[in-house]
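Asker: missing the sequence, but the structure's below:
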Ligand code: PBG
């Protein structure tokens, strides 16, 4: 004579199922804030800046709305604005006055990055200043290393490139950079740069290594911003194959052994598994680069009204941090910090 309802004991499956209600933790914004596992702060972000010589105008990048090529003094103003909003680091890229086969403009003490570093350090001494180390912005062929011909085929020579990268890194460090960030993907460059810095007595200058940097289609807009597209061929003989993750671990291991202070995964969004692997395998701070193409896709879709730009920005940055990144290099930095304030 028992009804179905009364025959159910507290331990029965149906009752148990209904007792477990994860939605209780999502009921109000206060409760959601209380149980939120991942929170991105402006202090987690690194803001990239493109610095041009004084003779050039300030120009917005067509494919990256909100991102500008700036002169040193404008870069300093932008850094001050960022610092006031809680951002603690900028990463500088330079567009030199001239290009040649070996990128010699990159170690000119009056180059845009050197002047940018000095101007930022004068305007905002507390700001951590990082400088990207690579030859591609400075070479007339647009490759990240020295080109040699082997059996009639052009090739990027690893070992001839190392001293040039070291020279460039030294020049940025001498101008006052707190960190240099080699993005060239030559073998042994972290060690070569570490040795050069130490020999020059610049032992306090750190290295943020682009350790797992993939040959990615997502760099397209950056090459417009930095005027650094390769004039022939592509970067697949030095940047990593997007299919590989074990190789990423090996690259990170080598950079750690050679003296990197931070390791980086780049790009971020299509490589969240690599960020997670970096976090699980290494104790150093892990940075992730939310690259130009990732930024431009959000801006383009938002402009068309197809997505809610700020909301998607938050979701993207949160996902990168949730995957395991301690630091995120992102063109959204200022916009994020403005909304956060
Ligand atoms: C220089 C460099 C690149 C980026 C950072 N440093 C371009 C490239 O490797 O072609 C890409 C950054 C971005 O897309 O936002 N080697």
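Answerer: Cool, the structure landed. These figures come from a predicted structure and were not determined experimentally.
Asker: so residue 184: helix, strand or coil?
Answerer: Classification of residue 184 using DSSP: H, G, I helix; E, B strand; the rest coil returns coil.
Asker: how much space separates it from the ligand?
Answerer: Distance of residue 184 to the ligand, computed by C-beta to the nearest ligand atom, to the nearest Å: 6 Å. Any C-beta I mention is one placed from the backbone N, CA and C, and that applies to glycine too.
Asker: quick one: that residue and residue 228 touch, right?
Answerer: No - contact criterion C-beta atoms under 8 Å: residue 184 and residue 228 do not qualify, at 11.5 Å.
Asker: those two: who's more crowded?
Answerer: Neighbour totals were compared for residue 184 and residue 228, and residue 184 leads with 25 against 21 (other C-beta atoms under 10 Å).
Asker: now that one. Nearest residue, chain neighbours left out?
Answerer: Using C-beta to C-beta, 6 or more residues apart in numbering and skipping the chain neighbours, the partner closest in space to residue 184 is residue 144 (4.1 Å).
Asker: before we move on, what about residue 107?
Answerer: Spatial nearest neighbour of residue 107, excluding adjacent residues (C-beta to C-beta, 6+ apart): residue 171 at 4.1 Å.
Asker: wait, is the residue nearest to residue 184 part of a helix?
Answerer: No - assessed with three-state DSSP, residue 144 is coil; it does not lie in a helix.
Asker: how close does it sit to residue 230?
Answerer: Separation of residue 144 from residue 230 (C-beta to C-beta, to the nearest Å) stands at 9 Å.
Asker: so where is this structure shaky, pLDDT-wise?
Answerer: Residues of the chain meeting the criterion pLDDT under 70: 1-15.
Asker: secondary structure class of the residue minimising distance to the centre of it, three-state.
Answerer: Closest to where the C-alpha atoms of the chain average out (C-alpha atoms, centre = their mean) is residue 289, at 2.8 Å. Recorded secondary structure, residue 289: strand (three-state DSSP).
Asker: equivalent analysis for residue 223, please.
Answerer: Residue 223 ends up helix, using three-state DSSP.
Asker: quick one on the thing from earlier: higher neighbour count, residue 144 and residue 230?
Answerer: More neighbours surround residue 144 than the other of residue 144 and residue 230, with 27 against 15 (other C-beta under 10 Å).
Asker: give me the neighbour count for the one residue in the stretch 101-250 of the chain that gets nearest to the ligand.
Answerer: Taking C-beta to the nearest ligand atom as the measure, the stretch 101-250 of the chain has residue 222 as its residue closest to the ligand, at 3.1 Å. Close neighbours of residue 222, defined as other C-beta under 10 Å, add up to 26.
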